[in-house]
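>>> Coordinates for the following, if possible.
(chains A, B, C and D)
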There are 2 protein chains.
Amino acid sequence: MLRREYDQACSVARSLEVLGERWTLLVIRDVFNGKRRFDAIQQDLGIARNVLAARLTRLVDAGILEKRPYQQRPTRHEYFLTEKGLDLWPVIVAMMDWGDRHLAETGPPVVIHHKDCGGVVDGRGYCRRCGERLNARDAYAEPGPGGAAGYPSSTPGA
Amino acid sequence: MLRREYDQACSVARSLEVLGERWTLLVIRDVFNGKRRFDAIQQDLGIARNVLAARLTRLVDAGILEKRPYQQRPTRHEYFLTEKGLDLWPVIVAMMDWGDRHLAETGPPVVIHHKDCGGVVDGRGYCRRCGERLNARDAYAEPGPGGAAGYPSSTPGA
DNA sequence: ACCCTAAAGTTGCTTGATGCAACCGAGTGT
DNA sequence: ACACTCGGTTGCATCAAGCAACTTTAGGGT
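Below you'll find the predicted structure:
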């Protein structure tokens, strides 16, 4: 990105300075869906490896992801969402809902469910069945009628 | 953008194919805030004119903005949000809320209010005072304690 | 010993999107 | 006649993204 900053007194602009680069939100979505390792994300997105490395370090620097070693010698790490990262859940949900309603012809490829009651989650992050207002930890994703592969019933790890 | 498509069966990815380019969401935010003309948006964002032209035609093609002439000879137009564009309001609200909570040190630069009761709108697009679930037409933006210039009490035109 | 595989990147080169400034065309103001 | 406005378009330079090859530290097979 040429000039990374948008220089605006606006929280949308400030958010986009961190999230607005190509691939960034899809990387975050993958981590939400339980893909925590470099190669898993790289293969899922088909993103260039150098670009993925740049995005991950930037997200770690921004406090959105956390890098944790899961083995030594050789050291291998996984990426987890921090609280700040988990707070992005409503953004992802709102964007998914908009795409479901305006871009998906064959129905939603992915449906989000409420863990406690199994109800479907709406575009504002509320459970359609019990009406509860949810956060990232209260929900899980599953393939929908639009047919998405690679969507395990994953929970956002923290 | 090199490969515009992310090629994923996911509504987040499909939404980002339209919205994910640099500047696009800020252009939409400006139209939400009543900036409907080319030069108004260009001066507010400091975006290159050719890039703004490209974004606007793409957003019109995508059915998010609508181009309407407001005078003849010479023909001048304004850009308005369509229903599809107005439906992006929850995305903007969620992103603004995240930035307010995690990036704004001096308080929110902009606060969204409920037209009917004047209450403040939360990150899910609900009125904190009367509890109503709101849409774009129910709300207006005003400068907040974080100090944002150029935020008239504007309503999203349609 | 030797070869293959794996994870998590790094390096170098090419391609394409962005930034900048200048220009254009139709009409208005003085 | 001249400058000015709005809504762009054109040309060129720069920087980010894409791609493939390479690296490091290990384990497994023969």
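
>>> how close does the residue most central in space within chain A sit to B:Tyr79?
Closest residue to the average C-alpha location of chain A: A:Arg29 at 2.0 Å, with Cα atoms, centre = their mean. Distance, A:Arg29 to B:Tyr79, using Cβ to Cβ, to the nearest Å: 29 Å. Heads up, the C-betas are built off the backbone N, CA and C, glycines and all.

>>> quick one, phi/psi of A:Glu142?
Dihedral pair for A:Glu142: phi -140, psi 150, per degrees, to the nearest 10.

>>> if we can go back for a sec, can you pull the contacts of the residue nearest to the centre of chain A?
By Cβ atoms under 8 Å, 6 or more residues apart in numbering or on different chains, the contact list for A:Arg29 reads A:Ile92, B:Cys10, B:Val12, B:Ala13.

>>> repeat for A:Arg14
Residues counted as contacts of A:Arg14 (Cβ under 8 Å, 6+ apart) are A:Tyr6, A:Gln8, B:Gly99, B:Leu103, B:Ala104.

>>> one more time with 10 Å, if that's ok
Residues in contact with A:Arg14 (Cβ atoms under 10 Å, 6 or more residues apart in numbering or on different chains) are A:5-8, B:95-96, B:98-100, B:102-104, B:109, B:146.

>>> cool, A:Met96 as well?
Counting by Cβ under 10 Å, 6+ apart, A:Met96 touches A:29, A:104, A:108-112, A:121, A:123, A:141, B:10-15, B:91.

>>> how many other residues sit next to the closest residue in space to A:Val111 that isn't next to it in sequence?
Once flanking residues are discounted, A:Val111 sits nearest to A:Gly144: 4.0 Å by Cβ to Cβ, 6 or more residues apart in numbering or on different chains. Neighbours of A:Gly144 under the rule other Cβ atoms under 10 Å in any protein chain shown: 20.

>>> what's the straight distance from one end of stretch A:105-124 to the other?
Its start and end residues considered, stretch A:105-124 measures 21 Å (Cα to Cα, to the nearest Å).
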